[in-house]
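J.: Would you be able to build a 3D model of this:
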Amino acid sequence: MDHAALVAALAGTGFGLSLIVAIGAQNAFVLRQGLRGEHVLAVVLICAVSDVVLIALGIAGIGSLLELAPWLLDTMRIGGAAFLLTYATIAARRALHPGELDAETSGAATPLWPTVTTAVALTWLNPHVYLDTILLLGSVAGTHGDDRWWFGAGAAIGSVVWFSALGFGARLLRPLFAKPVAWRILDALIAIVMAAIAVSLLHGLMEG
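T.: As a prediction, the model looks like this:
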């Protein structure tokens with residue numbers, strides 16, 4: 001790897017992290033699974049691999065297809081908003097009904113398949129993923145010319161590191177969640193975040 005490639009890779013890592021290190025539906029879900037200690041590896045793999053695929057598509061120029069077919073983003077906005085509102089309702093119900101929360105904190109594990117389905121939906125039904133990762137990151141990568149794939153490699157490494165740290169590092173926060181009230185606060189925050197993102201998606205649809 002020459003100097004230019006190294007600079008491109010480091011720039012990709014920094015830019016990629018700037019896009020994903022934020023409070024969002026996907027990160028909130030990964031954090032919650034990490035705190036619960038349930039199917040963490042599967043969730044981290046889904047999120048990280050999905051990001052790598054999307055980064056590769058963006059650098060390959062697939063973003064131009066989205067620009068030519070804006071109805072695809074509108075469809076994803078509607079589907080994503082519906083899913084997020086549903087998940088927000090579930091999280092709000094957990095926060096408002098201690099009985100359901102007690103059953104969850106007592107050790108009742110969520111099956112793998114629903115967890116995997118939720119992780120996939122939170123990743124691929126979010127139009128912001130396509131706007132940020134394919135269009136924006138792909139465009140910035142293009143400015144690095146022949147080193148654009150090194151830029152993408154750096155962004156992919158940043159994504160893998162972030163989701164691994166968030167998912168597996170969440171266990172360090174478990175002492176804070178020893179009491180059910182902490183879980184109720186977390187679920188309330190998750191419900192607010194999910195609902196806010198859903199509203200922003202619908203608002204963007206109306207503006208478009």
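J.: what pLDDT does the residue nearest to residue 41 when sequence neighbours are not counted get?
T.: Nearest residue to residue 41 in three dimensions, chain neighbours excluded: residue 167, at 7.9 Å (C-beta to C-beta, 6 or more residues apart in numbering). Quick note: C-beta positions are derived from backbone N, CA and C, even for glycine. Note on residue 167: pLDDT of 93.
J.: next one: residue 28
T.: Value for residue 28, per-residue pLDDT: 86.
J.: quick one, what contacts it?
T.: 189-190, 193-194 (C-beta atoms under 8 Å, 6 or more residues apart in numbering).
J.: can we see that at 10 Å?
T.: Residues near residue 28 by C-beta atoms under 10 Å, 6 or more residues apart in numbering: 87, 91, 122, 166, 186-187, 189-194, 197.
J.: what's the next secondary structure element after the one helix or strand in the chain whose mean pLDDT sits lowest?
T.: Ranked by mean pLDDT, DSSP states H and E, the weakest helix or strand in the chain is helix 98-105, scoring a mean of 47. Where DSSP states H and E defines the elements, the next helix or strand beyond helix 98-105 is helix 112-124.
J.: other SSEs contacting that next one?
T.: helix 25-36, helix 40-60, helix 70-96 (3 or more C-beta pairs under 10 Å, 6 or more residues apart in numbering; DSSP states H and E).
J.: what sits up against that helix?
T.: So helix 112-124 is contacted by 24-30, 33, 36, 38-40, 42-51, 53-54, 76, 79-80, 83-84, 86-87, 90, 109-111, 129-130, 194, 197 (C-beta under 10 Å, 6+ apart).
J.: Just the buried ones from these, in PyMOL syntax?
T.: Buried residues within the contacts of helix 112-124, by 16 or more other C-beta atoms under 10 Å, are selected in PyMOL with:
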select buried, resi 24+25+26+27+28+29+30+33+36+39+40+43+44+45+46+47+48+50+51+54+76+79+80+83+84+87+90+129+130+194+197
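J.: Just the CA atoms from stretch 3-17 would do, formatted as PDB, please.
T.: Taking Å, rounded to 0.1, in the frame of the first residue of the first chain, the C-alpha atoms of stretch 3-17 are listed here in PDB:
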ATOM      1  CA  HIS A   3       1.100   6.700   0.700                       C
ATOM      2  CA  ALA A   4      -1.900   7.800  -1.300                       C
ATOM      3  CA  ALA A   5      -3.700   4.500  -0.700                       C
ATOM      4  CA  LEU A   6      -3.000   4.700   3.000                       C
ATOM      5  CA  VAL A   7      -4.400   8.300   3.100                       C
ATOM      6  CA  ALA A   8      -7.500   7.200   1.200                       C
ATOM      7  CA  ALA A   9      -8.000   4.300   3.600                       C
ATOM      8  CA  LEU A  10      -7.700   6.500   6.700                       C
ATOM      9  CA  ALA A  11     -10.000   9.000   5.100                       C
ATOM     10  CA  GLY A  12     -12.500   6.300   4.400                       C
ATOM     11  CA  THR A  13     -12.400   5.000   8.000                       C
ATOM     12  CA  GLY A  14     -13.000   8.500   9.400                       C
ATOM     13  CA  PHE A  15     -15.800   9.300   6.900                       C
ATOM     14  CA  GLY A  16     -17.500   6.000   7.400                       C
ATOM     15  CA  LEU A  17     -17.500   6.300  11.200                       C
END
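J.: Appreciated, that's everything.
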